[in-house]
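J.: could you work out the structure for the sequence below:
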Amino acid sequence: MEALLAQLKQEHGIALQRHVPLAEHTTFRIGGNAAYWAEIVDEEMLRILVQSCTRAGRPFFVLGRGSNVLAADTGYDGLILHIGDGFSEVKTDGCSLTCQAGASLARVSGIAAQAGLSGMEGLSGIPGTIGGALFMNAGAYGYEMCDIVTSCRYMDADGNVYTAEKEALSLSYRHSRFMEEPGIILSVTVELHPGEPQQIADEMSALLARRSEKQPLNFPSAGSTFKRPAGSYASLLIDQCGLRGRRAGGAQVSEKHAGFVVNTGGATCADVLALCQTVQQEVREKTGYVLELEPVLLGVEPE
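T.: Below is the predicted model:
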């Protein structure tokens, strides 16, 4: 890796950060250090890093705001490609918005509202990037990315760039093609519809208030911990099994909303995983439902 670092610095002027704490870059506030870290500012930089890692056989992981990620206590022995504010341009064209992947959903929703464009109100409170939102087909309060996306641009592991229309993205509940096929989302184009700016703003405010009332936003978490099983709701099943408030170390099934596992202070990745395994086992034994984790596991070795 040292030879690769020297090459990147000498040939491209790219200096990677080392030993960056993942706990500072995930909403769970959990995780050890990333061995290497790069702040992505343009597609050329991303292409160089992706090609270099692929050729050298070094692992890399794309991270946005870290809002749906549980990072290992031992960290990540690879390169984090951080796509954030430096890669977040938003362009408006009529009812369409084309957004670089690092643009936050809150910012994109705000731009849409100011332009009198409706369709993102329920997404505005999700604390992630639009790239991450497309990756998992994020949704809330009846709004979902699959309802508004028309296309995206993405990069493969060799640095090649492609455009995919919505029909090619395999969007379904909390799923896109990028969960199985390697691809780094570069930009997302969404199609909204005209609305009255004040009504859009009022709807956003009402949904944000509802989120604050119902969800444990006072504790670090990765949002909803389990995907909704067909025919029921994770929070309902967890409550039926008497698991609200159950703890493992610093991790707890939220007292406010049983669908959330929260970090009450000093929780480790091991605490969260142990608690989630307990919840999954008891729900399966008592109800027959199988709960699937929603957060992406970073640096966690498979059992």
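
J.: look up phi and psi at residue 130.
T.: Torsion angles at residue 130 (phi, psi; degrees, to the nearest 10) stand at phi -70, psi -30.

J.: that one against residue 109, yeah?
T.: No. Checked against CB atoms under 8 Å, the pair residue 130 and residue 109 is beyond contact range at 9.5 Å. For every residue, glycine as well, the C-beta is placed using N, CA and C.

J.: so the two - more neighbours on which side?
T.: More crowded of residue 130 and residue 109, by other CB atoms under 10 Å: residue 130, with 32 against 25.

J.: just list the residues touching the more buried one, thanks.
T.: Shown in contact with residue 130 (CB atoms under 8 Å, 6 or more residues apart in numbering): 99, 101, 103-105, 108, 188, 190.

J.: go again using 10 Å as the cut-off
T.: 64, 88, 90, 97, 99-105, 107-109, 120, 123, 138, 145, 149, 152, 185, 187-188, 190 (CB atoms under 10 Å, 6 or more residues apart in numbering).

J.: now list the buried members of these.
T.: Neighbour counting over those (16 or more other CB atoms under 10 Å) leaves 64, 88, 90, 97, 99-105, 107-109, 120, 123, 138, 145, 149, 152, 185, 187-188, 190 as the buried ones.

J.: pretty sure residue 286 contacts residue 280?
T.: No. Counting by CB atoms under 10 Å, residue 280 is not a contact partner of residue 286; they are 11.3 Å apart.

J.: compare these two (neighbour count), which wins?
T.: Neighbours were counted for residue 286 and for residue 280 using other CB under 10 Å; residue 280 has more, 17 against 13.

J.: the more buried one contacts residue 226, correct?
T.: Yes. The criterion here is CB under 10 Å, and residue 280 meets it with residue 226 at 7.9 Å.

J.: what touches both of these two?
T.: Residues touching both residue 280 and residue 226 (CB under 10 Å, 6+ apart): 238, 289-293.

J.: of those, closest to residue 55?
T.: residue 293 (32.5 Å; CB to CB).

J.: so how far is residue 178 from residue 53?
T.: For residue 53, the distance to residue 178 equals 17 Å [CB to CB, to the nearest Å].

J.: same check on residue 249?
T.: Taking CB to CB, one finds residue 249 at 32 Å from residue 178.

J.: with neighbour numbers in mind, choose between those two.
T.: Set residue 249 next to residue 178 and count neighbours by other CB under 10 Å: residue 178 wins out with 21 against 16.

J.: tell me the contacts of the more buried one?
T.: 62, 131, 134-137, 152, 154, 164, 169-170, 184-185.

J.: tell me the contacts of residue 175?
T.: Listed by CB under 10 Å, 6+ apart, the contact partners of residue 175 are 135-137, 146, 169, 227.

J.: and the contacts of the least confident helix or strand in the chain by mean pLDDT?
T.: Ranked by mean pLDDT, DSSP states H and E, the weakest helix or strand in the chain is helix 2-12, scoring a mean of 80. If you take CB under 10 Å, 6+ apart as the criterion, helix 2-12 is touched by 14-16, 18, 36, 38, 44-45, 48-49, 52-53, 55-56, 58, 79.

J.: which of these are buried? Put it as a ChimeraX command.
T.: In ChimeraX, this line selects whichever of the contacts of helix 2-12 come out buried by 16+ other CB under 10 Å:
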select :14,16,36,38,45,48,49,52,53,58,79
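
J.: by pLDDT, give me the weakest of the contacts of helix 2-12.
T.: Taking pLDDT as the measure, the contacts of helix 2-12 have their low point at residue 15 (87).

J.: state the distance from it to residue 64.
T.: Residue 15 is 22 Å from residue 64, by CB to CB.
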